[in-house]
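Asks: Structure for this input, please:
(one chain, ligands or ions: 1)
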Amino acid sequence: MIHFDRVSKRYRAGADGLRGVTLNIDEGEMVFVTGHSGAGKSTLLRLIPRLERPSGGRLVVAGVDVNALARRKVPLLRQRIGVTFQDHRLLADRNVFENVALPLVIAGIPVRERSRRVQAALDKVGLLNKLSALPQTLSGGEQQRVGIARAVVNRPPVLLADEPTGNLDPGLSAEIMKLFAGFKELGTTVLIATHDLNLVDSLGYRTISLSNGELADDRPANRGEL
Ligand SMILES: Nc1ncnc2c1ncn2[C@@H]1O[C@H](COP(=O)(O)OP(=O)(O)OP(=O)(O)O)[C@@H](O)[C@H]1O
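Replies: Residues are numbered from 1 along each chain as shown. So this is what the prediction gives:
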């Protein structure tokens with residue numbers, strides 16, 4: 001589903017984000033990406049929906065050569081990739097329903113279908129009772145779940161999460177990971193960048209480690225042993 005072939009990313013300032021990373025992620029896999037601060041985790045994620053472009057190598061996502069894609073087709077690629085961030089990036093002046101509906105508005109989905117899908121997404125993350133709440137009235141964990149609902153409302157085959165539990169306590173972090181695992185069980189390919197090694201180790205999914213932009217380790221899932 002996601003194929004990195006000797007992918008490099010050098011930023012204009014001269015920093016190497018990624019260096020020659022080769023990596024294959026199958027459809028329906030859930031994979032953690034770990035590594036020190038500045039190791040290249042965010043860079044790896046940001047290349048997938050072409051929020052950044054590789055400086056070298058080839059990246060293919062869902063059959064699409066990302067770097068070769070015509071600019072007018074990038075929105076179509078992005079519709080197939082849900083993204084969540086540590087800081088949620090919710091719109092403060094829109095309520096929960098409106099925030100989650102945003103990708104559907106952009107995709108031109110009719111109002112009635114929009115409403116159905118937003119409610120389905122909020123149901124999955126357990127927030128159907130918060131439709132008209134403004135983001136700042138919610139807890140950190142709830143805001144993160146709104147961000148996840150927004151990321152999955154288009155039913156994308158690929159879901160990316162950059163430090164989704166960065167500000168949460170261990171109990172809430174585990175709950176968020178359970179949500180991601182639920183989407184994996186439904187067939188979504190899930191890629192999660194995180195510093196939280198305890199959580200990663202306890203869950204037993206495939207884990208990729210980056211170090212100074214290079215692939216340092218690729219540990220297969222060991223969930224059978226749990
Ligand atoms: N927009 C940018 N412009 C210039 N350099 C950048 C940019 N984004 C990242 N870098 C550099 O690329 C390298 C990898 O950064 P990246 O953010 O991908 O690491 P990370 O593993 O996600 O780090 P963190 O855990 O701190 O978020 C670092 O040296 C960083 O300074």
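Asks: Now do the domain split for the protein, please.
Replies: 1-80+157-226, 88-155 (automatic domain parsing).
Asks: Now tabulate these in JSON lines and tack on mean pLDDT, mean neighbour count and distance to the ligand.
Replies: From N, CA and C alone the C-beta is placed, and that goes for glycine too. Listed next are the domains of the chain as JSON lines, based on pLDDT from 0 to 100; neighbours: other CB atoms under 10 Å; distance: least, CB to the nearest ligand atom, whole Å:
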{"stretch": "domain 1-80+157-226", "mean pLDDT": "93", "mean neighbour count": "17", "distance to the ligand": "3"}
{"stretch": "domain 88-155", "mean pLDDT": "94", "mean neighbour count": "18", "distance to the ligand": "15"}
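Asks: In three-state terms, label the residue positioned nearest the centre of the chain for me.
Replies: In the chain, the centroid-proximal residue (CA atoms, centre = their mean) is L160; its distance is 1.3 Å. Using DSSP: H, G, I helix; E, B strand; the rest coil, the secondary structure recorded for L160 is strand.
Asks: List the residues that contact it.
Replies: 45, 48-49, 81-84, 191-192 (CB atoms under 8 Å, 6 or more residues apart in numbering).
Asks: So which elements touch the lengthiest helix in the chain?
Replies: Taking DSSP state H as the criterion, the chain has its longest helix at helix 170-185. Identification of packing neighbours for helix 170-185 by 3 or more CB pairs under 8 Å, 6 or more residues apart in numbering; DSSP states H and E yields strand 30-35, helix 140-152, strand 158-162, strand 189-193, helix 197-203.
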